[in-house]
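> Show me the folded form of this:
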Amino acid sequence: MGGMLFWFAYTKGWVLANFESIDAKQAIHLLANDNNVTLLDVRTIAEYKEGHLRDATLIPVHALADNLGMLKQDKNKKIIVYCATGNRSVTASRILEKNGFTPLNVKGGIFKLQAAGSSLVK
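Next up, the predicted model:
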């Protein structure tokens, strides 16, 4: 039972996370006011086509490790990472952090971003 609880906490980014998690309002504020951030969508292509945040780069989480070169930026630039609910973005944030990037995981994903006022584009 303890192993299952640990795994759950690990996948949520609650333990052993060397990156910051932010809420949707913090993400929206940073996108509007900080030129040192970029936006990464780690959902599937189909999910992205259904609607995504403006200016988001799509790299599905399963392909992220092999496509880090698509993130054409200084590694000191923060990357706001989102998925649908915040689970895949934890995985992506772990990959990014391990490769020298500074990820900011959005807790609750695109659903929380929409609830906080973000609009989607197709």
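> mind checking which helix or strand V81 is in?
Element membership of V81, judged by DSSP states H and E, is strand 78-82.
> and the very next helix or strand once past that strand, average pLDDT?
For strand 78-82, the following helix or strand on the C-terminal side (DSSP H and E) is helix 88-98. Here helix 88-98 scores 94 as its mean pLDDT.
> so who does the residue nearest the centre of the chain touch?
In the chain, the residue lying closest to the centroid (CA atoms, centre = their mean) is V81, at 1.6 Å. V81 makes contacts with 40, 42, 89, 92-93, 96, 103-106, as judged by CB atoms under 8 Å, 6 or more residues apart in numbering. (Glycine included, C-beta is placed from N, CA and C.)
> Tell me the buried residues in the strand holding V81?
78-82 (16 or more other CB atoms under 10 Å).
> Now do the SS call for K49.
What DSSP: H, G, I helix; E, B strand; the rest coil gives for K49 is helix.
> where's it relative to S93, distance?
Applying CB to CB, to the nearest Å, the value for K49 to S93 is 23 Å.
> And H29, by the same measure?
Distance, H29 to S93, by CB to CB: 19 Å.
> F101 now?
9 Å.
> For this protein, give me the ranges with low pLDDT.
1-17, 73-74 (pLDDT under 70).
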